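K.L.:
heads up, no residue letters with this:
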């Protein structure tokens with residue numbers, strides 16, 4: 001019997017393992033055996049009912065192998081046995097042993113056997129906003145930060161980066177103009193001296209307020225997550241008298257709303273960069289077996305981890 005992890009509808013959230021046997025049809029025309037999924041902080045917040053959900057089944061960043069196709073699919077013989085990733089988050093949860101998808105919602109890997117979509121894509125799309133500017137970044141040891149540092153080595157012309165972290169002793173060695181500061185340090189003096197800058201925040205709460213206050217006039221703070229679970233605290237002075245802006249960015253919405261050609265172009269670029277070694281999956285990531293997850297409490301902290309299915 002195949003199973004999937006469904007979101008609980010209770011106020012406290014959680015997960016429930018239920019029997020689930022997906023069926024091929026002319027629309028959902030590809031059956032995928034899920035092999036791995038990335039558990040992001042956003043997934044954990046969704047389990048806790050603190051983040052939007054895009055399906056009844058949990059998980060939105062998955063890797064799998066095609067095991068069957070509907071006979072009406074033109075390339076069904078070439079697709080079986082191939083590794084695929086999911087292009088979008090609103091096409092059916094991936095914390096399942098098997099899942100069905102429409103062919104247009106799958107990207108077939110040809111240069112690598114494994115890569116992830118959400119964090120590398122987030123880093124790439126954020127950096128497109130930052131070209132030629134200095135960058136203030138919260139959660140400087142996160143996976144998004146990991147990929148930002150790898151991208152700037154080859155693909156983007158960025159000025160200085162100030163990365164905020166909880167513990168500077170645990171920061172990686174980064175080539176280039178990246179400086180790490182703990183949140184309690186005096187990093188504001190550095191940022192206030194910039195003539196241009198942009199901020200990327202995924203923490204929320206008072207950290208976001210500190211960031212926008214430090215950024216130069218007419219700068220922009222981009223909020224792309226809220227792992228603290230706290231709302232943004234933005235000073236009126238920054239918006240009204242200093243011309244600063246706050247903008248939200250949700251990578252799931254980007255994938256949902258742009259056309260297939262742009263999605264495929266981005267994923268092809270990411271795959272090429274994984275293949276040539278520019279991008280690498282962070283080493284030492286925690287892993288958890290799919291069969292060991294019951295109610296979601298096993299994912300209690302906000303660490304990224306790989307679910308082995």
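P.N.:
Perfect, thanks for sending it. This one's a predicted model, so the numbers in the text were calculated from it and none came from an experiment.

K.L.:
Would you mind listing the buried residues in the longest strand seen in the chain?
P.N.:
Ordering each strand of the chain by length in residues (DSSP state E) puts strand 30-39 first. With burial defined by 16 or more other CB atoms under 10 Å, the residues of strand 30-39 counted as buried are 30-32, 34-39. Where you see a C-beta, it was placed from the backbone N, CA and C, and this is true even at glycine.

K.L.:
Tell me how many other residues surround residue 192.
P.N.:
Per other CB atoms under 10 Å, the neighbour tally for residue 192 reads 12.

K.L.:
So for stretch 37-54, first residue to last residue, what's the gap.
P.N.:
The first and last residues of stretch 37-54 sit 16 Å apart, counting by CA to CA, to the nearest Å.

K.L.:
just stretch 51-66 next, same as before
P.N.:
Distance between the two ends of stretch 51-66: 30 Å, counting by CA to CA.

K.L.:
Return the distance of it from the chain's centre.
P.N.:
12 Å (CA atoms, centre = their mean, to the nearest Å).

K.L.:
List the buried residues for that stretch?
P.N.:
Buried residues in stretch 51-66, counted by 16+ other CB under 10 Å: 51, 53-55, 57-64, 66.

K.L.:
any idea how far the nearest residue to residue 180 once chain neighbours are set aside lies from residue 179?
P.N.:
Leaving aside its sequence neighbours, residue 180 sits nearest to residue 171 (CB to CB, 6 or more residues apart in numbering; 4.4 Å). The gap separating residue 171 from residue 179 is 10 Å, by CB to CB, to the nearest Å.

K.L.:
anything in contact with each of those two?
P.N.:
residue 163 (CB atoms under 8 Å, 6 or more residues apart in numbering).

K.L.:
So between those two, which is more surrounded?
P.N.:
Each of residue 171 and residue 179 has its neighbours counted (other CB under 10 Å); residue 171 has more, 18 against 15.

K.L.:
which residues touch the more buried one?
P.N.:
Residue 171 makes contact with 140-141, 163, 165, 180 under the criterion CB under 8 Å, 6+ apart.

K.L.:
Most neighbours of all these, which one?
P.N.:
residue 140 leads those on contacts (other CB under 10 Å) with 27 neighbours.

K.L.:
Can you classify that one by secondary structure?
P.N.:
Following DSSP: H, G, I helix; E, B strand; the rest coil, we place residue 140 in the coil state.

K.L.:
Give the closest residue to it in space, chain neighbours not counted.
P.N.:
In space, and not counting its chain neighbours, residue 140 is closest to residue 163: 3.0 Å by CB to CB, 6+ apart.

K.L.:
Identify the residues contacting the one you found.
P.N.:
The neighbours of residue 163, taking CB under 8 Å, 6+ apart as the test, are 137, 140, 145, 171, 178-181.

K.L.:
And the strands in the stretch 101-250 of the chain?
P.N.:
For the stretch 101-250 of the chain, strands defined by DSSP state E, counting those that start in this stretch occupy the ranges 106-108, 135-137, 161-165, 178-182, 198-201, 220-223, 245-248.

K.L.:
Please tabulate those strands in CSV, including the columns mean pLDDT and distance to residue 285.
P.N.:
Listed next are the strands of the stretch 101-250 of the chain as CSV, based on pLDDT from 0 to 100; distance: least, CB to CB, whole Å:
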stretch, mean pLDDT, distance to residue 285
strand 106-108, 95, 22
strand 135-137, 96, 20
strand 161-165, 95, 18
strand 178-182, 93, 20
strand 198-201, 97, 22
strand 220-223, 96, 25
strand 245-248, 95, 27
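
K.L.:
Out of the ones you listed, which gets nearest to residue 270?
P.N.:
Closest to residue 270 of these is strand 106-108 (CB to CB; 9.5 Å).

K.L.:
Who does that closest one pair with, and is each partner parallel or antiparallel?
P.N.:
Within its sheet, strand 106-108 is paired with strand 83-86 (antiparallel), according to DSSP bridges.

K.L.:
pLDDT averaged over the partner strand - what is it?
P.N.:
Averaging pLDDT along strand 83-86 gives 96.

K.L.:
could you point out the longest helix in the chain?
P.N.:
helix 260-275 (DSSP state H).

K.L.:
Check which element follows that helix along the chain.
P.N.:
With elements assigned by DSSP states H and E, the helix or strand that comes after helix 260-275 is strand 286-289.

K.L.:
For that next one, report the contacting residues that lie outside it.
P.N.:
Contacts for strand 286-289 (CB under 8 Å, 6+ apart): 39, 298-299, 303-308.

K.L.:
Type out the ChimeraX command that picks the buried ones from these.
P.N.:
For anyone working in ChimeraX, the buried entries among the contacts of strand 286-289, judged by 16+ other CB under 10 Å, can be selected with:
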select :39,299,304,305,306,307
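
K.L.:
measure the closest residue to residue 73 other than its chain neighbours to residue 190 for me?
P.N.:
Residue nearest to residue 73 in three dimensions, not counting chain neighbours: residue 29, with 4.8 Å by CB to CB, 6+ apart. Distance, residue 29 to residue 190, by CB to CB: 53 Å.
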